[in-house]
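J.: What shape does this take:
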Amino acid sequence: MAVYVPLPGSKRTLLPNSRPAGPIDPSEIASVTVRVRSAGDPAALAKTAYDLASTPLVERRYLTREELEQRHGAAKEDLDKIEHFAQEHDLTVVHRSAAERSVVLTGKLGDLLAAFHADVQLYHHASGTYRGRRGEITLPQELSHIVTGVFGFDTRPKRRAPHRQKSAAHGGPGGQNGLAATEFASRYHFPTEFDGATLDGTGQTIAIIELGGGFRSSDLQAFFREIGVPTPKVDHAGNHPTTPDSADGEVMLDIEVAGAVVPNANIAVYFAPNNGDKGFIDAISAAVHDAQRKPSVISISWGGPEVSTDQQGINAYHELFAAAGAMGVTVCIASGDHGSADEDSAHWDGKIHVDHPACDDLVLGCGGTQIDGSQDVVWNDGTPFDVNTPGGGGWASGGGISEVFAVPSYQANANLPVSIDNEQPGRGVPDIAMSATNYFTRVDNSEGASGGTSAVAPLMAALVARLNQAKKQNVGFLNPFLYANAAKGLVHDVTSGTNAIKNTIKGYNAGPGWDACTGLGTPDGTVILNNLP
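T.: Next up is the predicted model:
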């Protein structure tokens, strides 16, 4: 009989205020993603990303996807062992990738739990019923040195709802409907030409990660016609537009912001179900390792408090971002839309949180501002949490100090505060910020103003696409460069405002230099381009 041992880093707790809803249905068809060890050293891959970031662009040699697989992919023997184990438990292998170091197994939930032991039950929560996992996953001892993560038992969703107002679809941008993203690109001095070429994203691919929802081509065509910009090419798999007030709003916001600024870029949308870390990791992995479309920048507007992800998940995301950095792929991630709480009223546990995966030190955390007259200040609409308000109220730029990631070398001289909660140092979020309000969008045949840090991530991704086009190569992991050269005018400091939610929770205040609301400040795209080595 097989001896089962705990999977390191797999211990989980339930969502706060969860109530038992009964046992799972063992005949339910489900799937898990099994991640396996790397042929190389994951820490060495992260070091490669850092080393490249400190090398002048003209001297950089990023890893190709083929080289990445060869040096850091999974061994065939390891994948074979997982596949054989799956067959013994009546499970089907639906995806196997040495490059992604993963095997996706599908079968009856009872068979999955017979293969990987875990305490899984159904739970009621204010946000809906979910399949929750408590404690650790255990697996056969002979697989314990091979498997680094098992994802899919817990289906609590990731969250990101754009701060949106809508009306009937007429009138186009301006007034109550908000401004086209091109206006914000101008505000932050995104470069428009370089060496005689128009910077419109030509030759670039922006990957956009989406957890559910979809887009309607008719809406995109109408939107880009109204703002006077050519409709970009949008590649996708799994596009399923649903109904108003759904994840469609997030999908359309991302595509419309990025597409408006770089209409000649290829927009590649990677859809996955919003079923916890499994779908999220799978979608990011698909984008990072896509050898056909080869994204040069990834935009992510989804996430959750870092405490909601177990250590095996933290490690899996980090390894994907290390791979992206080693290949010269920039990753831009929204810092969250509910201030220092990083939660809406339905999910909040009374503590402050920094958003994951924006808190990973290998990504560019994107915070939010609002424009007060002619000045950028911290985005905070001043409303308290309210369970009767769509989205829960309390809209503000996410930011804070990580309790998981240490202070990275590029933030060593940024005068970071300690965490308000535990008074310990850690990685500070965000890195930069731009307007999180008043973006013109069209979703499900309605138009209106939308925003959130959800808009800042694709806007920053569009700036990176212009930089890549201008330099004729990927600028890659930008954080060390931005921090080392901030004093040269690469950013404009934001010194006013707070991300504390009114009447509810402590937060961080903006001030001179880096702060946990807007990071270094708002970027000046042209100055950044002119100072790239």
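
J.: Show me what the helix or strand harbouring residue 287 is packed up against.
T.: Assessed by DSSP states H and E, residue 287 sits inside helix 277-288. Counting by 3 or more CB pairs under 8 Å, 6 or more residues apart in numbering; DSSP states H and E, the packing neighbours recorded for helix 277-288 are strand 29-36, strand 102-108, strand 147-151, strand 205-211, strand 266-272, strand 297-300, helix 311-326. Bear in mind the C-beta positions are built from the backbone N, C-alpha and C, glycine included.

J.: Can you list the buried residues in the third one?
T.: Buried residues in strand 147-151, defined by neighbour count with 16 or more other CB atoms under 10 Å: 147-151.

J.: Quick check: residue 328 vs residue 61, distance?
T.: 9 Å (CB to CB, to the nearest Å).

J.: Those two: which is more packed in?
T.: residue 328 (23 against 9; other CB atoms under 10 Å).

J.: Quick one: residues contacting that one.
T.: Residue 328 is in contact with 52, 60, 62, 296, 473-477, counting by CB atoms under 8 Å, 6 or more residues apart in numbering.

J.: Then it would be within a helix, right?
T.: No - applying DSSP: H, G, I helix; E, B strand; the rest coil, one finds residue 328 to be coil, outside a helix.

J.: Where does pLDDT dip in the stretch 351-500 of the chain?
T.: 387-391 (pLDDT under 70).

J.: where exactly do the strands run in the stretch 151-300 of the chain?
T.: 167-168, 193-194, 197-198, 205-211, 233-237, 266-272, 297-300 (DSSP state E, counting those that start in this stretch).

J.: for the stretch 401-533 of the chain, same thing?
T.: Counting by DSSP E, counting those that start in this stretch, the strands of the stretch 401-533 of the chain are 428-429, 432-435, 439-443, 446-450, 491-492, 522-523.

J.: would you turn the ones you listed into TSV with mean neighbour count?
T.: Compiled in TSV, these are given as follows (neighbours: other CB atoms under 10 Å):
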stretch	mean neighbour count
strand 428-429	30
strand 432-435	27
strand 439-443	29
strand 446-450	22
strand 491-492	21
strand 522-523	24
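
J.: In CSV: those strands, plus distance to residue 345.
T.: CSV is the format used below for the strands of the stretch 401-533 of the chain (distance: least, CB to CB, whole Å):
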stretch, distance to residue 345
strand 428-429, 22
strand 432-435, 24
strand 439-443, 24
strand 446-450, 20
strand 491-492, 33
strand 522-523, 29
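
J.: mind checking which of these is nearest residue 332?
T.: strand 432-435 (9.2 Å; CB to CB).

J.: Give me the longest strand you can find in this structure.
T.: Longest strand of the chain, by residue count under DSSP state E: strand 130-140.

J.: Mind giving me the packing neighbours of that strand?
T.: So strand 130-140, by 3+ CB pairs under 8 Å, 6+ apart, packs with strand 4-6, strand 117-124, strand 147-151.

J.: what's in contact with the first one?
T.: Spelled out, it's strand 4-6. 117, 136-141, 144.

J.: Go through these and name the one nearest residue 303.
T.: Taking CB to CB as the measure, residue 303 lies nearest residue 137 of the contacts of strand 4-6, at 22.7 Å.

J.: Alright, that wraps it up for me.
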